[in-house]
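In: below are the sequence and a predicted model; questions follow.
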Amino acid sequence: MKREGSPWTGLWAVVLKELADHLSSVRMQLLEFLIFLTAFAATFVASRQLRATVAEDPYIYLKLFTTSQDPLPSFVAFLGFFLPLAAIALGFDSVNGEHNRRTLSRVLAQPIYRDALLLGKFLAGIVTLGISLLALWLLVTGMGLLVLGVAPSGPEVARGLLFLLSTLAYAGIWLALALMFSVVFRQPATSALAAVAVLRGVLGHHGAGCGAGTATGLWR
Amino acid sequence: MSGVIETQDLTKHYGPVIAVDGLTLTLPKGEVFGLLGPNGSGKTTTILMLLGLTEPTSGTVRVLGYDPSRNPLQVKRRVGYLPDSVGFYDDLTARENLRYTARLNGLARAEAEGRITDAMARVGLTSVADRLAGAFSRGMRQRLGLAEVLLKRPEIAILDEPTAGLDPEAAMEYLDMIKDLKAHDITVLLSSHLLHQVQAVCDRVGLFHKGKMVLEGTFDSLADRVLGGAYRITVETSRPDGLEPALRAIPGVTNLSHERPGQFRLETQVDCRAEVARRVVSSGADLLGLALERPSLDEIYARYFRGVDHEA
């Protein structure tokens, strides 16, 4: 049966509300703190190894992002599990949380489709992740500038931006997964656990322990 | 087609469970209709189908001429809904909560602010409009829910268990606000299991039982149908012996029962207190008390379902 009226009616209202929620939440402040720590650690690790070879290396900023030193992982490796975690933290209780606070039926009684609510929540999440990621990338590049004393070339900036976009797409998948679990499971804790279990399955043993701990910590 | 809400053989199955079974209902404009029944009797499912939030298994629904499962946006724009035990975003103020609703309804900013202030005033929340909704009591939440309904300037208001969990005084105030909706020409559909409260505001009621609307009509007509009479007379005498046949013979008396020695309870179709008094006195007994009461909806309900259970 065909329904009438645009499925995106009210989409912007949802996006703006969710975005305001994300940006003012304690969860976001924790994410910001993590961003700063990450950027600092990544630059520190890379700069210690790179300083010797700065002058002759054409891929210096690539190295800044990919160099690791035990026990700290490289910036890229860190993003690989930090971003899914952030995405899960933003998405795991977005629908069942509203259901449990009994705001869901009230919102759905307004002239919007469920599509608008779900997509609105997704878009707000991806914008939030995008802002975090951009801040992180700028921080690392900026610190790199300070520590290494070499400005990134045009191609390096372009590569960096491409990297940023693909990483955001990667984070989007995890956000969508967390959102889906928040629809499927009634309890936010169950949906967080399910998402972290998938994360563990994909990333292997390494990320799981930290994952569970951080997700629990981020949950209010 | 004359009603603002019309359903025809509306049926909803959840797997093997039949939540609503062949509901046919018409609500004329401006009426306050009470959907009554115990929890799980299909009231909320009916409401969800009226709003297009769930699709009927079979049967048709028309709300203001629209089919809610085809055109839910048009329906939801014109119908205000207060869900059962409504919740708000705890970290937003009452005004911000309503602002979100206004935005979802596509209201322009200036228009929305005016309507919000207006709606808050009508439910008496002006003084707490800028407090966090998380600090609101149950009663205030219900009021805020009603403010949200008013904000939309709806043609129909659907209220699910609006007075559940309120203290008696708050409930009375709330019912007054519902009466006020009627005065503003809004058709009201309210569901409840608190019958005595509903009795005070509804023009017409429908009793739900296991997904079926088993009784429907004005309160008086239900009393007639179920109790066999709408009046109840309590008689107290000093010497009740031999009085029973005489009382039973009074025209209009449909039932007689002993409350305790010396006290009879008569169910009658008319107010025949004068005749009762005459017969008691002429039998030589003293008449100690004579009282007339209208049965409540609770009794109609209890009596009806006792009958249903006996048959089953």
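Out: Cool, the structure landed.
In: ok, A:Glu18 - contacts?
Out: A:Ser94, A:Gly120, A:Lys121, A:Leu123, A:Ala124, A:Gly125 (C-beta atoms under 8 Å, 6 or more residues apart in numbering or on different chains). Bear in mind the C-beta positions are built from the backbone N, C-alpha and C, glycine included.
In: what's around B:Phe33, how many residues?
Out: 23 (other C-beta atoms under 10 Å in any protein chain shown).
In: coming back round to it: which of the contacts of A:Glu18 sit farthest apart?
Out: A:Ser94 and A:Leu123 (11.8 Å; C-beta to C-beta).
In: and those two? Which one has more around it.
Out: Neighbours per residue (other C-beta under 10 Å) separate A:Ser94 from A:Leu123, with A:Ser94 holding more: 26 against 17.
In: wasn't the more buried one part of a helix?
Out: No: secondary structure of A:Ser94 (DSSP: H, G, I helix; E, B strand; the rest coil): coil, not part of a helix.
In: would you mind measuring from it to A:Gly142?
Out: 32 Å (C-beta to C-beta, to the nearest Å).
In: helix or strand: which one has the residue nearest to B:Gly289 when sequence neighbours are not counted?
Out: Setting aside the residues directly before and after it, B:Gly289 is nearest to B:Glu236 in space (C-beta to C-beta, 6 or more residues apart in numbering or on different chains), at 3.5 Å. B:Glu236 is part of strand B:231-237, with elements assigned from DSSP states H and E.
In: with A:Leu161 instead?
Out: Using DSSP H and E, A:Leu161 falls in helix A:154-184.
In: so the helix or strand where A:Phe33 lies, near chain B or not?
Out: Counting by DSSP H and E, the element that carries A:Phe33 is helix A:26-50. No: if you take C-beta under 8 Å from any C-beta of the partner chain as the test, helix A:26-50 misses chain B, and the best it gets is 10.2 Å.
In: what packs against that helix?
Out: Judged by 3 or more C-beta pairs under 8 Å, 6 or more residues apart in numbering or on different chains; DSSP states H and E, helix A:26-50 is in contact with helix A:60-66, helix A:75-91, helix A:114-148, helix A:205-218.
In: would you map the strands across the stretch 151-300 of chain B?
Out: B:156-160, B:187-192, B:204-209, B:212-217, B:231-237, B:253-260, B:263-268, B:287-293 (DSSP state E, counting those that start in this stretch).
In: tell me what the first one is packed against?
Out: The one in question is strand B:156-160. Against strand B:156-160 (3+ C-beta pairs under 8 Å, 6+ apart) you get helix B:43-50, strand B:79-82, helix B:138-151, strand B:187-192.
In: rerun that using 7 Å as the cut-off
Out: Here strand B:156-160 touches helix B:43-50, strand B:79-82, strand B:187-192, going by 3 or more C-beta pairs under 7 Å, 6 or more residues apart in numbering or on different chains; DSSP states H and E.
In: what does the fifth one give?
Out: Based on contacts counted as 3+ C-beta pairs under 7 Å, 6+ apart, the elements that strand B:231-237 packs against are strand B:263-268, helix B:273-282, strand B:287-293.
In: in chain A, what residue lies closest to chain B?
Out: Using C-beta to the nearest C-beta, the closest approach of chain A to chain B is made by A:Arg102 at 3.0 Å.
In: which residue packs closest to that residue, ignoring adjacent ones?
Out: Using C-beta to C-beta, 6+ apart and skipping the chain neighbours, the partner closest in space to A:Arg102 is B:Gly87 (3.0 Å).
In: report the contact partners of the residue nearest to B:Leu194 when sequence neighbours are not counted.
Out: Spatial nearest neighbour of B:Leu194, excluding adjacent residues (C-beta to C-beta, 6+ apart): B:Thr163 at 5.9 Å. Contact analysis of B:Thr163 by C-beta atoms under 7 Å, 6 or more residues apart in numbering or on different chains lists B:Ala171, B:Tyr174, B:Leu175, B:Ser192, B:Leu194, B:Gln197.
In: contact residues of chain A facing chain B?
Out: A:1, A:3-5, A:9-10, A:13, A:17, A:101-103, A:105-112 (C-beta under 7 Å from any C-beta of the partner chain).
In: now, these that are in helices?
Out: Judged by DSSP state H, those include A:Ala13, A:Lys17, A:Ser105, A:Arg106, A:Val107, A:Leu108 as members of helices.
In: now the helices: where do they sit in the stretch 51-200 of chain B?
Out: For the stretch 51-200 of chain B, applying DSSP state H, counting those that start in this stretch gives helices covering B:72-78, B:94-104, B:109-122, B:138-151, B:168-183, B:195-201.
In: just want the most central residue of chain B.
Out: B:Gly34 (3.1 Å; C-alpha atoms, centre = their mean).
In: contact partners of the helix or strand that one falls within?
Out: Taking DSSP H and E as the definition, B:Gly34 sits inside strand B:32-36. Residues from elsewhere that reach strand B:32-36, judged by C-beta under 7 Å, 6+ apart: B:27, B:43, B:46, B:182, B:188-193, B:195, B:198, B:201-208.
In: now chain B against chain A: closest residue?
Out: Closest point on chain B to chain A, by C-beta to the nearest C-beta, is B:Gly87, at 3.0 Å.
In: ramachandran angles for that residue?
Out: Backbone torsions of B:Gly87, given as degrees, to the nearest 10, read phi -120, psi 150.
In: what is the burial count for it?
Out: 19.
In: name the element the closest residue to A:Phe185 other than its chain neighbours belongs to?
Out: In this structure, A:Phe185 finds its nearest non-sequential neighbour in A:Ser191, 4.1 Å apart by C-beta to C-beta, 6+ apart. Following DSSP H and E, the helix or strand that holds A:Ser191 is helix A:188-203.
In: what comes up buried for that helix?
Out: Across helix A:188-203, burial judged by 16 or more other C-beta atoms under 10 Å in any protein chain shown covers A:Pro188, A:Ser191, A:Ala192, A:Leu193, A:Ala194, A:Ala195, A:Val196, A:Val198, A:Leu199, A:Arg200.
In: show me the contacts for residue 13.
Out: Using chain A. B:Tyr100, B:Arg103, B:Leu104.
In: wait, I meant chain B there
Out: Going by C-beta under 7 Å, 6+ apart, B:His13 touches B:Thr57.
In: in the sheet, who's paired with it?
Out: Using DSSP bridges, the bridge partners assigned to B:His13 are B:Ile18.
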